[in-house]
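Q: sequence and predicted structure below; questions after.
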Amino acid sequence: MRRQLWADGLLAVVTLIWGSTFVLVKDVVEQVPVMTFLAARFATGGLVLALAVLLLRRWRGLTMRELGWGAIIGTALWAGYAFQTLGLQSTTASKAGFITGLSVVLVPVLGLFVLRHRPGLWAWLGIALATAGLGLLSLRLDERVDVNRGDLLVLGCAAAFATHIVLVARAGWADPLRLTTVQVIVAGLLNAISAVLSGQQVASMSQEVWASVVFLGVAATAVAFLVQVSVQRFTTATHTALIFTLEPVFAAIFGSWLDNDVLTLSGWIGAGLILTGMLVTELLPYLIRRNAAI
C-alpha cells in the first residue's frame, strides 16, 4: 500500500507539471503552428532521453519487443494530441477539456479487456465524482450543450489517452527508460509528419519560444513520461486515470494565478469533487481495511 501511495503521489506531481504548463503552451502556440510545436517539443524530449540511454548504456538491453511496444504506445500518445488539436478547431476549449477528461471512464473499461482488472466499488465512486467535477469545472452549464464533429474528434483523443495509460500498464515488464525513449521519439516523428502533411511551415522561433520548447520538452515530456512509465507499474491504470483528472484543476489554478483567469463557483465545486473522488479512491479503502484489522 505504501509503495502505491508513493507511486500515486509521483503521478500527482507529473499532473501538476502538466497543469502548470497550460499558460506557457497557450503563449507558444500563438506564435508557432501547433503540430510544429509538438514536433519540436517531443524531439527535444526524445533527444534528452536518447542521450540518457547512451550515457547509462541502457541501449544494450533493447529488444524488438520493447521497440514494438514503445512504437505502439508512442502512436497512442501522438493520436491523443492529434485528435485534440483537430477537435479544438471546431469545438470550445471547455468542452474539449471535459471530453478529454472522460478518459477516466474509458480506462477501467479498456482495463477489463486488456489488463483483466476489475475496479472496485470505491474506484467507480471516485470516477463518478471526478466526472461530475470535470463537468462543473469545464462546461458552461448556462449554455446549450450540443455535440458536433469537433466533440467527436476530442472523444477520439480521450480514447487515445486512455489507451496510452492502459498500454503503459500492460508494458510494466519493460525497461522504463528505453520504453519512454521509444514512445517519445515515435510521437515526435509522427507529429513532424503531421506538420508536413497539414502544410504547416517550419516557423522561425524566437529565443523565448525555444526556451519554452526546451523546458516543455525536458520537464513536461522527457521527465514527466519517464516518471509515469517508471511508477505506474506500482499502481493501477484506474488510479492513474483518476490522478490525471487533476490536470484541469491545476491548469485552472495556475491560469488564475499567472493569466488572471477567473474560476467560477461551479468551477471551484467541480475541483472539489475531483479531489473528493481522488480521496475516496485512495484513502477510504485503506481506512476501512485498517479499522477492520483493529
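A: Structure's in. What do you need? Everything quoted here is computed from the prediction, not taken from an experiment.
Q: against Cys157, how distant is Gly267?
A: In this structure, Gly267 and Cys157 are 22 Å apart, going by Cβ to Cβ, to the nearest Å. Just so you know, the C-beta spots here come from the backbone N, C-alpha and C atoms, and that holds for glycine as well.
Q: neighbour-wise, which of the two wins?
A: A direct count of neighbours by other Cβ atoms under 10 Å for Gly267 and Cys157 places Cys157 higher, at 24 against 21.
Q: how much space separates the more buried one from Ala187?
A: 14 Å.
Q: who touches both of these two?
A: Tyr81 (Cβ atoms under 8 Å, 6 or more residues apart in numbering).
Q: shaky segments in this protein?
A: 1, 92-94, 138-147, 200-203, 258-263, 282-294 (pLDDT under 70).
Q: the lengthiest helix in it - contacts with which helices or strands?
A: Using DSSP state H to define each element, the chain has its longest helix at helix 64-87. If you count contacts as 3 or more Cβ pairs under 8 Å, 6 or more residues apart in numbering; DSSP states H and E, helix 64-87 packs onto helix 34-55, helix 93-101, helix 149-170, helix 176-197.
Q: which parts of it are buried?
A: By neighbour count on 16 or more other Cβ atoms under 10 Å, the buried set for helix 64-87 is 66, 69-87.
Q: now swap in stretch 105-122 and tell me
A: Applying 16+ other Cβ under 10 Å to stretch 105-122 flags Val105, Leu106, Val107, Pro108, Leu110, Gly111, Leu115, His117, Pro119, Trp122 as buried.
Q: now name the helix or strand holding Gln4.
A: Per DSSP states H and E: Gln4 is located in helix 2-20.
Q: give me the angle between the helix or strand just after that helix and helix 93-101.
A: Downstream of helix 2-20, the first helix or strand assigned by DSSP H and E is helix 22-29. Between helix 22-29 and helix 93-101, the angle comes out at 120 degrees (axes from the mean of the first three to the mean of the last three Cα atoms, to 10 degrees).
Q: residues contacting the residue lying closest to Val107 once chain neighbours are set aside?
A: Closest residue to Val107 apart from its sequence neighbours, by Cβ to Cβ, 6 or more residues apart in numbering: Ala241 at 3.8 Å. The neighbourhood of Ala241, defined by Cβ under 8 Å, 6+ apart, consists of Ser103, Val104, Leu106, Val107, Pro108, Ile127, Ala162, Ile165.
Q: put together JSON lines for these, with distance to Phe225 and secondary structure on each row.
A: Below are the contacts of Ala241 laid out as JSON lines (distance: Cβ to Cβ, whole Å; DSSP: H, G, I helix; E, B strand; the rest coil):
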{"residue": "Ser103", "distance to Phe225": "16", "secondary structure": "helix"}
{"residue": "Val104", "distance to Phe225": "19", "secondary structure": "helix"}
{"residue": "Leu106", "distance to Phe225": "20", "secondary structure": "helix"}
{"residue": "Val107", "distance to Phe225": "17", "secondary structure": "helix"}
{"residue": "Pro108", "distance to Phe225": "22", "secondary structure": "helix"}
{"residue": "Ile127", "distance to Phe225": "23", "secondary structure": "helix"}
{"residue": "Ala162", "distance to Phe225": "16", "secondary structure": "helix"}
{"residue": "Ile165", "distance to Phe225": "12", "secondary structure": "helix"}
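Q: those: which two are farthest apart?
A: Greatest spacing in those, by Cβ to Cβ: Ile127 and Ile165 (13.3 Å).
Q: tell me which of those two has more neighbours.
A: Ile165 (26 against 22).
Q: what sits against the nearest residue to Ser198 once chain neighbours are set aside?
A: The shortest distance from Ser198 to any non-neighbouring residue, by Cβ to Cβ, 6+ apart, is to Met35 (5.9 Å). By Cβ under 8 Å, 6+ apart, the contact set of Met35 is Ala82, Thr85, Asn191, Ala192, Ser194, Ala195, Ser198, Gln200.
Q: wait, which of those residues is closest to Arg41?
A: Nearest to Arg41 among these, with distances taken as Cβ to Cβ, is Asn191, at 8.1 Å.
Q: distance check, that closest one against Thr100.
A: Distance, Asn191 to Thr100, by Cβ to Cβ: 18 Å.
Q: tell me how many other residues crowd the spatially closest residue to Ala192 that is not a sequence neighbour.
A: Among residues not flanking Ala192 along the chain, Ala39 sits closest, at 4.0 Å (Cβ to Cβ, 6+ apart). For Ala39, the count of nearby residues is 24 (other Cβ under 10 Å).
Q: Ala39 and Val196 touch, don't they?
A: No. Ala39 is beyond contact range of Val196, at 9.1 Å (criterion: Cβ atoms under 8 Å).
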